[in-house]
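Enquirer: model the structure of this input:
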Amino acid sequence: MTSTKAVARLEARESKQGEGAKTSSVTIAGRVMARRGMGKAAFLDIKDVDGKIQVHARRDVLGDDFAILDDLDIGDIVGIKGPVFRTRRGEPSIEARSLTMLTKAIRGLPDKWAGLQDMEKRFRQRELDLITNDRSMELVRTRSAIVSTIRRFMEKRDFIEVETPVMVNVAAGASAQPFQTHHNALDRDLFLRIATELHLKRLVVGGIDRVFEIGRIFRNEGIDAEHNPEFTTIESYQAYADYNDVMHMVEDLVSSVAQTVTGSMIIPAQNENEQEIDLTPPWPRIDLRSEIKKRTGIDFLETDDVESLSGAMRKRGIHVEPGLPWARLLDKVISAEVEPHLIQPAFLVDYPTEMSPLAKHKPGDDRVVERFEAFAIGTEFANAFTELNDPVEQRKRFEEQERLHQSFGDDEMDRLDEDFLVAMEHGMPPTGGLGLGIDRLSLLITGERSIREVIAFPQLRSLD
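Expert: Model prediction:
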């Protein structure tokens, strides 16, 4: 039984018997976090996954077990049996009738008042962080609840959960640099997946009209407050839907997660310089072209080559990184000039084709595709398309990505996956697809600002 359940049992007994009630015997186990008293009686604070509870240990009740207290140190793990009662000060406590040493801690815990203050040590020794920092334990539990709520949300909408390969022949389905590994038995190089997209869409081809995967993704990128080289996403694909349907689903999903996990669709402001975030649907749909023009004066349909876009960026004081293809330059414009203004949840919609090789054109305009990204607190947390399902056009776009890869030496260009193209040639229904970052959603829901807080074991730089 956990500490919370033990207290709940006492409260249930008190509601029937009133003041002075005492429960039947319960059994709990946990770590000793504090000790008070000497001689014939002592109080222990025991911490488990739910929190803390006080234990009242008396020599005349424990008998021979009381001698264990002589060897008991902060950090030791003990088992306690006894009824739960309320002390004269009103503190729920367990009257220890049996005390068992379960594990002896041979290393001391961090100072109980200062806790674990060193940020690097908190993440390198997450176990100590969880023991001494209640907020860290709360974040682990909250993230678990977020994932569980997402899974239930999708299942209620008749999506089937699957698992797809982590090691792949071609790292495709996104614009990112992959990690490479080698399979000894097959004697061939493989990549860790940078997305689950292409395998999931092959399942749609196979007749699974609603499919999703919650899985780990690996991208050989930098580490900062918003990026970790391995992270978790949910990707979903729904046949006979488009990006408008997916937008409605994302609004409902995120707001439902917030309501279920926190009890509200409002995320409180974290300090006086910030504002509360209201996740209540509907969220605004903001045309990307219009928003870039509003913020910078740049029209991406008119500056449609590297030279003209670079010149427009320089005129407005936007840094131009040499050697980047057009799509990567425009992405820099969006990141620097548009995203920081998207504090409340919103969808940026309708991206240029060059930025979205897997998305379907908007009817009547081959320069723009039906794609959206979802933002809040200046950070993108979801990306979605009306999926391109024309295999001839898809092959053409993949070949263009390969050409750009060769021309610019850009390892983050999407790659041609022949197996996926063959699957598409058998016929893929019109489909709405979604990729949503669970780590970034966790940041949004919890109000944290660093992705390392919501990943149990983030990647860290070497101590050497």
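Enquirer: quick one: the strands in the stretch 1-150 of the chain?
Expert: Using DSSP state E, counting those that start in this stretch, the strands of the stretch 1-150 of the chain run over 26-36, 41-47, 52-58, 77-82, 84-86, 92-95, 98-103.
Enquirer: now could you export just the CA positions of the first one as PDB?
Expert: Included here for strand 26-36 are C-alpha records, laid out as PDB according to Å, rounded to 0.1, in the frame of the first residue of the first chain:
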ATOM      1  CA  VAL A  26      -1.500  -1.800   6.600                       C
ATOM      2  CA  THR A  27       1.800  -2.500   5.100                       C
ATOM      3  CA  ILE A  28       4.000   0.100   3.400                       C
ATOM      4  CA  ALA A  29       7.600   0.400   2.300                       C
ATOM      5  CA  GLY A  30       9.700   3.400   1.600                       C
ATOM      6  CA  ARG A  31      12.900   5.400   2.200                       C
ATOM      7  CA  VAL A  32      13.700   7.000   5.500                       C
ATOM      8  CA  MET A  33      13.900  10.700   4.900                       C
ATOM      9  CA  ALA A  34      13.900  12.000   8.500                       C
ATOM     10  CA  ARG A  35      14.100  10.800  12.100                       C
ATOM     11  CA  ARG A  36      13.000  12.500  15.300                       C
END
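Enquirer: tilt between it and strand 41-47?
Expert: 110 degrees (axes from the mean of the first three to the mean of the last three Cα atoms, to 10 degrees).
Enquirer: and strand 26-36, which strands flank it?
Expert: Sheet pairing of strand 26-36 (DSSP bridges) gives strand 41-47 (antiparallel), strand 77-82 (antiparallel).
Enquirer: make TSV out of the ones you listed and add mean pLDDT, mean neighbour count and distance to Leu288.
Expert: Glycine gets a C-beta too; all of them are placed from N, C-alpha and C. Listed next are the strands paired with strand 26-36 as TSV, based on pLDDT from 0 to 100; neighbours: other Cβ atoms under 10 Å; distance: least, Cβ to Cβ, whole Å:
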stretch	mean pLDDT	mean neighbour count	distance to Leu288
strand 41-47	96	20	49
strand 77-82	97	20	55
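Enquirer: ok, which of those strands comes nearest Gly427?
Expert: strand 41-47 (57.4 Å; Cβ to Cβ).
Enquirer: show me which residues of the helix or strand bottoming out on mean pLDDT in the chain are buried.
Expert: One helix or strand of the chain scores below all others by mean pLDDT, DSSP states H and E: helix 119-124, with a mean of 84. Neighbour counts over helix 119-124 (16 or more other Cβ atoms under 10 Å) mark Arg122, Phe123 as buried.
Enquirer: per-residue pLDDT, Thr132?
Expert: Looking at Thr132, its pLDDT is 89.
Enquirer: next: Arg202.
Expert: Model confidence at Arg202, expressed as pLDDT, equals 97.
Enquirer: and the closest residue to it other than its chain neighbours, how close does it get to Ile160?
Expert: Sequence neighbours aside, Ala423 is the residue nearest to Arg202 in space, at 4.4 Å (criterion: Cβ to Cβ, 6 or more residues apart in numbering). In this structure, Ala423 and Ile160 are 18 Å apart, going by Cβ to Cβ, to the nearest Å.
Enquirer: which ones are touching the nearest residue to Glu453 once chain neighbours are set aside?
Expert: By the measure of Cβ to Cβ, 6+ apart, the closest residue to Glu453 outside its immediate chain neighbours is Leu139, 5.9 Å from it. If a contact means Cβ atoms under 8 Å, 6 or more residues apart in numbering, then Leu139 has Ser442, Thr446, Glu448, Glu453, Val454 as its contacts.
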